[in-house]
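K.L.:
predicted model follows, preceded by the sequence.
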Amino acid sequence: MKAAGERIGMLTAYDATFARLLDGAGVDVLLVGDSLGNVIQGEKSTLPVTVDQMIYHLRAVNRGVQRAHVVGDMPFMSYQASVDEAVKNAGRLVAEGGAEAVKLEGGAEFSEVIAKIVRAGIPVMGHIGLTPQAVHKMGGYVVQGRDEEKAQRLLEDAKALEAAGCYSLVLEGIPQELGAQITAALSIPTIGIGAGPHCDGQVLVIYDLLGMDPSFSPKFVKRYVQLHEVIGGAVKDYLGEVKGGSFPSEAHSFRMGPAKAAAQLPAAANIRVVGEDEKLGAVYGGAAADVPKR
């Protein structure tokens, strides 16, 4: 796609439903990101996310994907301690989670780790610039590479990661001029997030794109819909109908068979609890096979 000048569209996904929707819409790459620590778990950072949790969400996403390329984040301390531990954990994301590639944060200091993971047959996507797992080292979520010395260091990191075997590179939170410079210097595609319009592709957290959290609005995010308003409105409508008695209506209710008159339906006070040994289909008024799996 880079060689053809075709931009790459990448989004995060954490479950089968979102994966199915995004895959069906034509997203090229789905990243099962450790950002799930923020948007799914409600943590203040990505640091508490574990390998087991990443595997759980990778498996869920894979159930909803038909065509998109699936990448799994290697969480904090899954690759920093040793090369052997890094290869083992990358292998788990692929073998147990179904990832087709793994992504890890950091510059040239992780070249050996990347080379060993690639040598094991696992594609690696790099990630430099603003790296959330190093938030304490960076002193917060701040733009990286603003001065010449730091920009040059990031350019060297990008080249080192390509040489180590990375097939792609995420550039996060850097000036657009630097994003353009790195993209031009590499033969592998760059995926930007807060790195300007000149990268080979772009990635956003799906919850940010959909406007799920009105309190989170960094400069690099464009909200394509204010879904928090849509969801809030729908829930209020539902509650109003439940409390007002208009839901469920006849259209959303079941009746007994034709041999039973509607007047013979038991009063609400006499409705019994269904035993565990009774088939679910009977409760819904049809065969078990007729009941939606969900």
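P.N.:
Okay, I see it. Remember, predicted model here, so these are calculated numbers, not experimental data. Numbers count the residues shown, from 1 in each chain.
K.L.:
and the helices in the stretch 101-250 of the chain?
P.N.:
Using DSSP state H, counting those that start in this stretch, the helices of the stretch 101-250 of the chain run over residues 111-119, 135-138, 148-164, 176-185, 206-209, 227-244.
K.L.:
of all those helices, which lies closest to residue 9?
P.N.:
Among those, the nearest to residue 9 by C-beta to C-beta is helix 206-209 (10.9 Å). Where you see a C-beta, it was placed from the backbone N, CA and C, and this is true even at glycine.
K.L.:
got a pLDDT number for residue 275?
P.N.:
Residue 275 is assigned a predicted lDDT (pLDDT) of 49.
K.L.:
kindly report the same for residue 257.
P.N.:
pLDDT at residue 257 comes out at 84.
K.L.:
which neighbouring elements make contact with whichever strand or helix holds residue 60?
P.N.:
In the assignment (DSSP states H and E), residue 60 maps to helix 51-64. Under the contact criterion of 3 or more C-beta pairs under 8 Å, 6 or more residues apart in numbering; DSSP states H and E, helix 51-64 touches helix 16-25, strand 29-32, helix 36-39, strand 69-73, helix 83-95.
K.L.:
pLDDT on the third one, on average?
P.N.:
I take that to be helix 36-39. The average pLDDT within helix 36-39 is 98.
K.L.:
ok, the first one next?
P.N.:
Mean pLDDT, helix 16-25: 98.
K.L.:
buried stuff in it?
P.N.:
By neighbour count on 16 or more other C-beta atoms under 10 Å, the buried set for helix 16-25 is 16, 18, 19, 20, 22, 23.
K.L.:
relative to the whole chain's centre, how far out is that helix?
P.N.:
With C-alpha atoms, centre = their mean, to the nearest Å as the basis, helix 16-25 stands 11 Å off its chain's centre.
K.L.:
what does the longest one give?
P.N.:
Relative to the mean C-alpha coordinate of its chain, helix 83-95 is positioned 20 Å out (C-alpha atoms, centre = their mean).
K.L.:
distance check, residue 125 against residue 153.
P.N.:
20 Å (C-beta to C-beta, to the nearest Å).
K.L.:
which one's more surrounded, these two?
P.N.:
Using other C-beta atoms under 10 Å, the more surrounded residue of residue 125 and residue 153 is residue 125, with 26 against 16.
K.L.:
hang on, the earlier thing: now the helices of the stretch 101-250 of the chain in CSV, with mean pLDDT and distance to residue 79?
P.N.:
Shown next, in CSV, are the helices of the stretch 101-250 of the chain (pLDDT from 0 to 100; distance: least, C-beta to C-beta, whole Å):
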stretch, mean pLDDT, distance to residue 79
helix 111-119, 98, 6
helix 135-138, 93, 16
helix 148-164, 98, 13
helix 176-185, 98, 22
helix 206-209, 98, 25
helix 227-244, 98, 34
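K.L.:
tell me which of those helices is the most buried.
P.N.:
Among those, ranked by average contacts under mean count of other C-beta atoms under 10 Å, first place goes to helix 206-209 (a mean of 21).
K.L.:
that's all I had, so thanks and see you.
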